[in-house]
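Student: Have a look at this prediction, sequence included:
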Amino acid sequence: MTVTRFAPSPTGHLHLGHAYSALFAAARGDRFLLRIEDIDITRCRPEFEAAIYQDLAWLGLEWEMPVRRQSEHLDDYRHALGGLESRGVLYPCFCTRRQIKDEIARSPSAPHGPDGPLYPGTCRRLDDATRARRMADSEDYALRLDAARAAALTGPLTFVERGDTVAVDPGLLGDVVLARKEIPTSYHLAVVVDDALQGVTLVTRGQDLLPATHVHRLLQALLGLPAPAYHHHGFVLGPDGKRLAKRDGAQSLRALRDAGRTPAEVRAMAVVA
Ligand code: GLU
């Protein structure tokens, strides 16, 4: 029994790339779930969420109810965060974006990931007394994963991508943010907790998230959660040969529908080169 999911964020209208992703997941799953990733309340809007349901139904997709909305499950993430805390793999980070940028500029040997420089680890080196004092002063902070310490606890890990075994590189994205002072989660933590709680066995999503899977596998091992299999797919390209983005309004499913395209036509357009 393969359980798949489509997990859009309601930060804009769905486009052909989302249609491909959703159709791909639905075709691979004996059970197909929908999840609304609406943790970033500053960017998510109720009208985009309503549009997601309409657009997917218009395409002809059916999903199981109830839909999981991340904003309704903060306690689940808080609980997982507590589990990570008790394993000693979290530390508070007080750095502002500006400070991180300056620190990276000062240290050319700072670690790099697939998308550029990684967090240089400034706050990992703070002593306990300083941490306690700064947290009590209620400075804003994020909780970061100490990737090296986490990897030492789990030992070597692998995940399955398109049937191949991939060795986890625990430091690939560095010490990622797992929560903020006011929000007990981040994308990485929520996705791992949700996929486990929803019983997802095959995670299908765009190739851009392949690096994140290294972090996700690490978190699954730390939290004692099952590891789903993965299939990261390519992108639907726009007329300019570039990957579609939510700002490319013309390719949104609603714009195509309003221009008279049928669901069958749109399904036929949602292909990966
Ligand atoms: N919410 C993510 C996005 O819209 C997808 C996350 C996932 O599939 O793991 O890009």
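Tutor: That came through, no problem.

Student: Run the chain-centre distance for stretch 140-159.
Tutor: 16 Å (Cα atoms, centre = their mean, to the nearest Å).

Student: which parts of that stretch are buried?
Tutor: For stretch 140-159, the neighbour count (16 or more other Cβ atoms under 10 Å) marks 141-147, 149-151, 154, 157, 159 as buried. Where C-beta positions appear, they are placed from N, C-alpha and C, glycine not excepted.

Student: how far does stretch 21-41 sit from the chain's center?
Tutor: 13 Å.

Student: So which bits of the stretch 151-273 of the chain are right by the ligand?
Tutor: Contact residues, the stretch 151-273 of the chain versus the ligand (Cβ under 6 Å from any ligand atom): Val191, Arg205, Leu209.

Student: Does the last one touch His232 like I think?
Tutor: Yes. Contact criterion Cβ atoms under 8 Å: Leu209 and His232 qualify, at 6.3 Å.

Student: Give me the more crowded residue out of the two.
Tutor: Between Leu209 and His232, counting by other Cβ atoms under 10 Å, His232 is the more crowded of the two (17 against 14).

Student: For the more buried one, which residues are in contact?
Tutor: Counting by Cβ atoms under 8 Å, 6 or more residues apart in numbering, His232 touches Glu161, Arg162, Thr204, Arg205, Gly206, Gln207, Leu209, Leu210, Thr213.

Student: out of the residues you listed, which is most surrounded?
Tutor: The most neighbours, when these are compared by other Cβ under 10 Å, belong to Thr204, which has 23 neighbours.

Student: what's the helix or strand harbouring that one in contact with?
Tutor: Assessed by DSSP states H and E, Thr204 sits inside strand 202-206. Strand 202-206 is contacted from outside by 2-5, 7, 17, 21, 24-25, 28-29, 195, 213, 228-235, using Cβ under 8 Å, 6+ apart.

Student: Mark which of those are part of strands, please.
Tutor: Per DSSP state E, strands hold the following members of those: Val3, Thr4, Arg5, Ala229, Tyr230, His231, His232, His233.

Student: Report the buried members of those.
Tutor: In those, burial by neighbour count holds for Val3, Thr4, Arg5, Tyr230, His231, His232, His233, counting by 16+ other Cβ under 10 Å.

Student: wait, the fifth one sits on Arg28?
Tutor: Yes. Assessed by Cβ under 8 Å, His231 is found in contact with Arg28 at 7.2 Å.
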